[in-house]
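> got a structure for you, letters missing:
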Ligand code: SF4
């Protein structure tokens, strides 16, 4: 999959421009009204606009310096979550799909995780998988930890369970963002390798910040949410990244 890492940054900068334009228009309209209302709103809009601008600038700086800057990262993530819906709409106008933007966001998130160089013990690492990896015709009912899988080879869950045992890490299957958040709240991992589609990874990464979540996109040869697959090589690389062992 070819991912344009700069797409999300460009879309955020464009959104910032639109936000600035709308704010200026609003201020111009307000300039015709009461002075006190105008002053209060001008201060509010200026503080807000400067904070968002600094957030986007922080993201650019982190990448430019290629260094983990925790204080700036919080501001950057706040600005990204705020501007993202607007960026999505702008991309739509220019014929860029939400999926492409989300892929770019996930790639940027993974770069941030890499920059942080976060390490954890195997017991603190959670491999979070979507339910759609299970073969649709599987007669076995699996629990959240995938207990019940007979490793028959019809889908990749057996191999993923082998990876879990090999590394001694946690593994959970979650259907949808709500269950995924519940699992994270219960297991309290320090680091997560999450497999999902663009939409679920995007919301999961945004909603669990500042947790270090490395996103791996699933493959959907049969369409969405049905007998999906994932690259085991990418999963192994992501696990090694957090455990800092040689592959
Ligand atoms: S590998 Fe496990 S989950 Fe997949 S089809 Fe076989 S028994 Fe079912």
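Structure received. Because the structure is predicted, anything quoted here is derived from the model rather than measured.
> would you mind measuring from residue 232 to the ligand?
13 Å (CB to the nearest ligand atom, to the nearest Å). To be clear about C-beta, it is placed using only N, CA and C from the backbone, and glycine gets the same treatment.
> that residue against residue 163, yeah?
Yes: at 7.2 Å, residue 232 counts as touching residue 163 under the criterion of CB atoms under 8 Å.
> the spatially most central residue of the chain sits in which helix or strand?
Against the mean C-alpha coordinate of the chain, by CA atoms, centre = their mean, the closest residue is residue 205 at 3.2 Å. Using DSSP states H and E, residue 205 sits within helix 198-207.
> quick one: contacts of that helix?
77, 80-81, 84, 98-99, 102-103, 105-106, 109, 130, 176-177, 180-181, 194, 196, 213, 215, 217 (CB atoms under 8 Å, 6 or more residues apart in numbering).
> buried ones in stretch 18-35?
Using 16 or more other CB atoms under 10 Å as the test for burial, stretch 18-35 gives 19, 23, 30.
> identify the residue nearest the second one in space, chain neighbours excluded?
What sits nearest to residue 23 in space, not counting adjacent residues and going by CB to CB, 6 or more residues apart in numbering, is residue 45, at 4.8 Å.
> show me what contacts the one you found?
The contact partners of residue 45, taken as CB under 8 Å, 6+ apart, are 23, 26-27.
> what's the following helix or strand after the lengthiest helix in the chain?
Counting by DSSP state H, the longest helix found in the chain is helix 35-65. Per DSSP H and E, the first helix or strand lying C-terminal to helix 35-65 is helix 70-93.
> show me what the very next helix or strand once past that next one packs onto, helices and strands only.
Scanning forward in sequence from helix 70-93 by DSSP H and E, the next helix or strand is helix 98-116. For helix 98-116, the packing partners by 3 or more CB pairs under 8 Å, 6 or more residues apart in numbering; DSSP states H and E come out as helix 7-30, helix 35-65, helix 70-93, helix 198-207, strand 212-217.
> what angle do the longest helix of the chain and helix 7-30 make?
On the basis of axes from the mean of the first three to the mean of the last three CA atoms, to 10 degrees, helix 35-65 is oriented at 170 degrees to helix 7-30.
> quick one: mean pLDDT over helix 35-65.
In this model, helix 35-65 carries a mean pLDDT of 83.
> swap in stretch 71-90?
pLDDT averaged over stretch 71-90 gives 88.
> thinking again about what came up before, and the longest helix of the chain, which residues are buried?
45, 49, 52, 54-59, 62-63.
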